[in-house]
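Novice: show me the folded form of this:
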Amino acid sequence: MTATGRFAEVAGITLHYHEAGSGPVLLCTHGGGPGANAWDNTKYAVDALAERFRVILLDLPGFGQSEKHVSRDGVPMDVFLARLKRDFLDTLGIEKASVYGSSAFSAAALRFGLAYPDRTDRVIIQAYSPVPETGPPTPGVASLIAFAQDPSAANMQRMCEMFVPREELRTDEFVAARFRAATAPGHLESRREFAMSANSDLRPELPGLRAPVLIVWGAADRMIPVHGVLDGLRLIPDARAHVWGADTGHFVVYEHPEEFAALVTDFLTEKR
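Specialist: Numbering: from 1, shown residues only. So this is what the prediction gives:
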């Protein structure tokens, strides 16, 4: 594939991104776990998506190669990041885009649609419910917390087991790459500023969302329970969902790249 790593200065923050393809813009970010970044989140489907779209994979502040130690200055995370996406698109001269967010950063994708409806085509979210979970952390979230407190190779192995249930997909290379990204200087400290708990409660505003939304999930997700998909379908006016069954976990793009790309392509190109 042809992808180019680039940097942009946006609202005083240095952001890193990859870009491939041409056509309508699909702006992709990533989840919030240790080591997350946009390239590793979506690279498995980029070739297929770039055949139809201008695909931009953006590292959010504190993640990947984007600037570390960025402060939200008390602004809710979804609001801060939606505004940053708007400014990023302005910097690239892009008027309108579809946006894809995963897990903790799905709220920012929904917020973008709410705050900037005229600049939003469609929204894709992954493993995210507008209704916060109550009770103790899931085993997956507990593994994230354990790694953040003790960033050891053993805790990374456990975290990857929670991310990807299928053992054959948890290759040594996959685990090692995530470990390298998670232990990059400044990442774990910076990540604390962008925790899922820093998002707004979107429930009162979601009835006003005009953009169509696609929700994707894995039935065996050990991070965010799949029953949350029903909350999204109930609260988002124009929503549809695709759930992969059996042993599909939190990384659906990695676990089903061809199906993910086809599903997203169909969603983004269907007539409204």
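
Novice: need the helices for the stretch 101-250 of the chain, in chain order.
Specialist: Shown for the stretch 101-250 of the chain, the helices assigned by DSSP state H, counting those that start in this stretch span residues 106-115, 139-149, 153-163, 172-182, 187-191, 228-235.

Novice: now these in CSV, with mean pLDDT, mean neighbour count and distance to Leu58?
Specialist: (C-beta placed from N, C-alpha, C; glycine too.) Formatted as CSV, the helices of the stretch 101-250 of the chain follow (pLDDT from 0 to 100; neighbours: other C-beta atoms under 10 Å; distance: least, C-beta to C-beta, whole Å):
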stretch, mean pLDDT, mean neighbour count, distance to Leu58
helix 106-115, 98, 26, 11
helix 139-149, 96, 18, 22
helix 153-163, 97, 19, 21
helix 172-182, 97, 16, 15
helix 187-191, 97, 18, 16
helix 228-235, 97, 17, 23
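
Novice: which secondary element of the chain has the worst mean pLDDT?
Specialist: strand 4-10 (a mean of 93; mean pLDDT, DSSP states H and E).

Novice: only the buried residues of it, if you could.
Specialist: Buried residues in strand 4-10, counted by 16 or more other C-beta atoms under 10 Å: Val10.

Novice: circling back to that earlier point, make JSON lines out of the helices of the stretch 101-250 of the chain and add distance to Arg210.
Specialist: Output for these, formatted as JSON lines (distance: least, C-beta to C-beta, whole Å):
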{"stretch": "helix 106-115", "distance to Arg210": "7"}
{"stretch": "helix 139-149", "distance to Arg210": "32"}
{"stretch": "helix 153-163", "distance to Arg210": "33"}
{"stretch": "helix 172-182", "distance to Arg210": "35"}
{"stretch": "helix 187-191", "distance to Arg210": "32"}
{"stretch": "helix 228-235", "distance to Arg210": "14"}
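
Novice: which one of these lies closest to Lys271?
Specialist: Closest approach to Lys271 among the helices of the stretch 101-250 of the chain (C-beta to C-beta): helix 106-115, 19.2 Å.
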